[in-house]
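# Predicted coordinates and the sequence they were generated for:
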Number of protein chains: 2
Amino acid sequence: MFSSNTLEYPNFAFDITHSDLTSAARLGLLKTPHGTIETPNFIFVGTKASVKNLHPYQVKDAGADIILANTYHLLIPPGPEKIKKMGGLHKFMKWDGPMLTDSGGYQIFSMGLGSDADEIKGRGKKRPPSLIRIDEEKGAFFRSYKNGEVLCLSPETSMDVQRKLGADLIVQMDECTPYHAERDYTARSMVMSHKWGDRSLTAFEKTHDGTQGVYGVVQGGVYRDLREESCDYTAARPFFGTAVGGCLGGTKVHFYEIVSWTVGRLHPARPVHLLGIGKIEDIFECVKMGMDTFDCVTPTREARHGRALLKGVPKGYINLMNARFKDDDTPLDEASPHMASHLYSKAYIHHLLKADEMLAHQILSQHNVAVISQLMREIRAAIKLGTLDSLRKDWLPD
Amino acid sequence: MFSSNTLEYPNFAFDITHSDLTSAARLGLLKTPHGTIETPNFIFVGTKASVKNLHPYQVKDAGADIILANTYHLLIPPGPEKIKKMGGLHKFMKWDGPMLTDSGGYQIFSMGLGSDADEIKGRGKKRPPSLIRIDEEKGAFFRSYKNGEVLCLSPETSMDVQRKLGADLIVQMDECTPYHAERDYTARSMVMSHKWGDRSLTAFEKTHDGTQGVYGVVQGGVYRDLREESCDYTAARPFFGTAVGGCLGGTKVHFYEIVSWTVGRLHPARPVHLLGIGKIEDIFECVKMGMDTFDCVTPTREARHGRALLKGVPKGYINLMNARFKDDDTPLDEASPHMASHLYSKAYIHHLLKADEMLAHQILSQHNVAVISQLMREIRAAIKLGTLDSLRKDWLPD
């Protein structure tokens, strides 16, 4: 069915400029029509075409190089057709750097009434009520989280929507299997996702104009042979990049083990994106296994919970809601060159949080984006110097 | 009792640089230890030491010259003692321009369960439950809106608190009488407010160090002879400035009439602040009656309701929640030099509001502060040129 092994991405490139001697970590340059970014890098999440609480130029000022938006959340009004009319996501939201959209699949399969990620990540919730059924031919039927309307996303419609949204990097449609899925289900689902990957490529090729590069997705749940089969599948198809997705195990150890199975089996010349992962310790571990980009809502979500990510503190963050900060007039992060990080005292931010003043969320969102951007810059420098392990200790002391 | 007719404000000045020929409008330079501002001007409200949704530097970038914080809201933690320890409000919140605090009285007498201003402005609500009793000697007893604790504010404690907060301009303690108060009650209350004014001055003088200037308040409700008596009272005392407060009538016409009674009776050399008033049409009317500064939550509150203030549109604003903006890809305010006003399309801001994205409130708050700052600049230029009436028509077409 699929035969386009000749797909080319003339406006894209991924150049590996340095490889670590003792791990699979590597430095790269990822070129897109909206600019070139250094990898490893972090893709900040702007779900509904807005990185929460921040102007796009604040996101950039804080050091971010690339952001993403979620296809699922942009299916509802204004919708992809109108965003296309208004010049695509970049123009609509005024972000002129590189951008990624996901396929929409992750949210369809994971959006429950509570946290989106609980189920996929094995935190024990059931299939959310929004998913109605999955039909290999027609796609996934689900209810809109906004108005209950029944929608359907197939490989073809996902590509069509992502084409209209116009991000640089887009992702094939896949089923994201939950933690508790049996091996049989996971295996059948993976095969379907591979077929959906082929259909995504076919659909992509029809309107391919050099403005977008498409990622294939590695599924296979918690089963090593399936993961390896899925790596081989993506490597054999003309995707521009590879995304590692789906359930990554219920514990850290398991999660790292699953990612480790992909080392050496992913297409070696393509950028690898680890979907939905972005805690500091996870970034360190997964960079060493050759992951080039990460995305996670952590920086802005933690901000809304009063948490400031910081280098060198236990757990990697402090919670400014904590009463111990109420008289602390030292700056949040004195050494930071970023204004939002060094301008205000911890006591002031504590006060803003206690007083329900939205400025707190803005300050902490800017700060957290700045910290993660700084982390990625330091990780890149450390890969070059071969000092990743000591950098990790600086960031996350025992 | 009070005898300090010699109070001086060496670090303060108010120079009237131009007076309109056909109205009481005037141009002035109001000098404070944190800078000199041109008048007429608008004091943006940062109730709890934060202009809602905005960094102080964003407030300044949008053109604001001066802000205020509410003493009432700063009585609760961190509280005035700690704010003093941290260097006062300016340092605490990182605003280095001129600043005003009110006495706390307005909120004590007006804070209900709903809108703070309904009762004072004659919108028909009863005395709020938070006020327990008023005792001329001891002050006003009320319940904290935060934890129900019984607090008391007297002229002396209000001065003490405002001294600790450290704003440049501070306000005497007064009772703010409601719209429905009888003449007898209003008269007795006004006399008490005058005594409180004298006690405020006495308390102020004890720690007077040249860093603050105190405003007396004109009360007297809706009764002309009382308003005049109150004007005479403030003019005869060594206040630095005059604030016009209290109930200003239930209708626009009545409100303007009450303000008109003060024309020619206020101390002519002092800056006059109209407390809590700041709609565009009210600013035009009251500038013509000699009001020099205004304050109102309008710019940021309207932003939170999706409203963008604009020059030359009916009602003075557009509501971006309105469906007619969903496909409107023209900028919010193309001609504005302010980034938040011209960067985004109306359709994008509409989308952010519909999606409950906080960035909408930030954009509209910045925009509204920019618009009101521009209004004040244009009003000052028009006073000089004698073109206030035609400027008003440009802003508010019939």
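Thanks, I have it. What you see is a predicted model, and the numbers here were worked out from it, not measured in a lab.
# Quick one: low-confidence residue ranges for chain A.
A:1-5, A:111-129 (pLDDT under 70).
# How far does the top helix by length along it sit from its chain's centre?
Among the segments of chain A that qualify as a helix by DSSP state H, the longest is helix A:359-385. Distance of helix A:359-385 from its chain centroid, counting by CA atoms, centre = their mean, to the nearest Å, is 15 Å.
# Can that helix be said to contact chain B?
Yes - residues of helix A:359-385 are located near chain B by CB under 8 Å from any CB of the partner chain, namely A:Leu359, A:His361, A:Gln362, A:Ile363. In this view, the C-beta of every residue, glycine as well, is placed from N, C-alpha and C.
# could you pull out the helices for chain A?
Per DSSP H, chain A carries helices over the ranges A:56-61, A:79-85, A:88-93, A:105-110, A:155-165, A:183-206, A:224-236, A:252-262, A:280-287, A:298-304, A:339-342, A:346-354, A:359-385, A:388-395.
# need those helices in a markdown table with mean neighbour count, can you?
Listed next are those as a markdown table, based on neighbours: other CB atoms under 10 Å in any protein chain shown:
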| stretch | mean neighbour count |
| --- | --- |
| helix A:56-61 | 20 |
| helix A:79-85 | 17 |
| helix A:88-93 | 22 |
| helix A:105-110 | 25 |
| helix A:155-165 | 23 |
| helix A:183-206 | 20 |
| helix A:224-236 | 19 |
| helix A:252-262 | 18 |
| helix A:280-287 | 21 |
| helix A:298-304 | 22 |
| helix A:339-342 | 20 |
| helix A:346-354 | 24 |
| helix A:359-385 | 22 |
| helix A:388-395 | 16 |
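# could those go into TSV alongside distance to B:Leu332?
Putting the helices of chain A into TSV (distance: least, CB to CB, whole Å) gives the following:
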stretch	distance to B:Leu332
helix A:56-61	15
helix A:79-85	18
helix A:88-93	14
helix A:105-110	30
helix A:155-165	23
helix A:183-206	36
helix A:224-236	44
helix A:252-262	44
helix A:280-287	38
helix A:298-304	24
helix A:339-342	24
helix A:346-354	27
helix A:359-385	19
helix A:388-395	41
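# Spit out the contact partners of the closest residue to chain B within the stretch 201-350 of chain A.
Residue nearest to chain B within the stretch 201-350 of chain A (CB to the nearest CB): A:Asp329, separated by 4.7 Å. Going by CB atoms under 8 Å, 6 or more residues apart in numbering or on different chains, A:Asp329 touches A:Ser345, A:Lys346, A:Ala347, A:Tyr348, B:Lys85, B:Met86, B:Gly87.
# can we see that at 6 Å?
A:Asp329 makes contact with A:Ser345, A:Ala347, B:Met86 under the criterion CB atoms under 6 Å, 6 or more residues apart in numbering or on different chains.
# residues in contact with the residue nearest the centre of chain A?
Of all residues in chain A, the one closest to the mean position by CA atoms, centre = their mean is A:Asp295, 2.5 Å from it. Listed by CB under 6 Å, 6+ apart, the contact set of A:Asp295 reads A:Ile43, A:Val45, A:Leu68.
# Who does it form a beta bridge with?
Listed by DSSP bridges, the beta-bridge partners for A:Asp295 are A:Ile43.
# With A:Thr47 as the reference, measure out to it.
11 Å (CB to CB, to the nearest Å).
# Output the set of residues of chain A in proximity to chain B.
Residues of chain A found near chain B (CB under 6 Å from any CB of the partner chain) are A:48, A:50, A:53, A:78, A:86, A:92, A:94, A:329, A:343, A:348, A:351-352, A:355, A:357-359.
# Most widely separated two among the residues you listed?
A:Met86 and A:Asp329 (45.6 Å; CB to CB).
# Show me chain A divided up by domain.
Chain A breaks down into these domains under automatic domain parsing: A:41-296, A:304-388.
# Can you add distance to B:Leu388 and give those domains back as TSV?
TSV is the format used below for these (distance: least, CB to CB, whole Å):
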stretch	distance to B:Leu388
domain A:41-296	35
domain A:304-388	35
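# you'd agree A:Ala64 is up against A:Ile43?
No - counting by CB atoms under 6 Å, A:Ala64 sits too far from A:Ile43 to count as a contact (8.5 Å).
# which one of these two has more residues nearby?
Neighbour totals were compared for A:Ala64 and A:Ile43, and A:Ala64 leads with 26 against 22 (other CB atoms under 10 Å in any protein chain shown).
# Around the residue nearest to the more buried one when sequence neighbours are not counted, how many other residues sit close by?
The shortest distance from A:Ala64 to any residue other than its chain neighbours is 4.9 Å, reached at A:Phe44 (CB to CB, 6 or more residues apart in numbering or on different chains). A count of nearby residues for A:Phe44, using other CB under 10 Å, gives 29.
# Any figure for the gap between A:Phe44 and B:Lys85?
Where B:Lys85 is concerned, A:Phe44 sits at a distance of 37 Å (CB to CB).
# Specify the residue positioned farthest from the middle of chain A.
A:Asp327 (36.9 Å).
# wait, what's in contact with it?
When contacts are counted by CB under 6 Å, 6+ apart, A:Asp327 touches A:Ala347.
# Could you export stretch A:257-270 as CSV, CA atoms only?
In CSV, the C-alpha atoms belonging to stretch A:257-270 read as follows (Å, rounded to 0.1, in the frame of the first residue of the first chain):
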residue,chain,number,x,y,z
GLU,A,257,14.1,0.4,30.9
ILE,A,258,11.5,0.8,28.1
VAL,A,259,13.4,3.7,26.7
SER,A,260,16.6,1.8,26.9
TRP,A,261,15.2,-0.9,24.6
THR,A,262,15.1,1.7,21.8
VAL,A,263,18.8,2.6,22.1
GLY,A,264,20.6,1.5,18.9
ARG,A,265,17.4,0.5,17.1
LEU,A,266,15.9,3.9,16.2
HIS,A,267,16.9,5.3,12.9
PRO,A,268,20.3,6.8,13.8
ALA,A,269,20.2,9.8,11.6
ARG,A,270,16.8,11.1,12.6
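# What lies in contact with that stretch?
Stretch A:257-270 is touched from outside by A:24, A:224, A:227-228, A:231, A:235, A:241-242, A:244, A:248-249, A:272, A:286, A:289-290, with contacts defined as CB under 6 Å, 6+ apart.
# what's the distance between A:Lys94 and A:Ala49?
Using CB to CB, A:Lys94 is found at 10 Å from A:Ala49.
# Neighbour count for these two, which is higher?
A:Ala49 (28 against 16).
# Leaving out chain neighbours, which residue sits closest to the more buried one?
Spatially, and ignoring its direct neighbours in sequence, A:Ala49 is nearest to A:Met93 (4.4 Å; CB to CB, 6+ apart).
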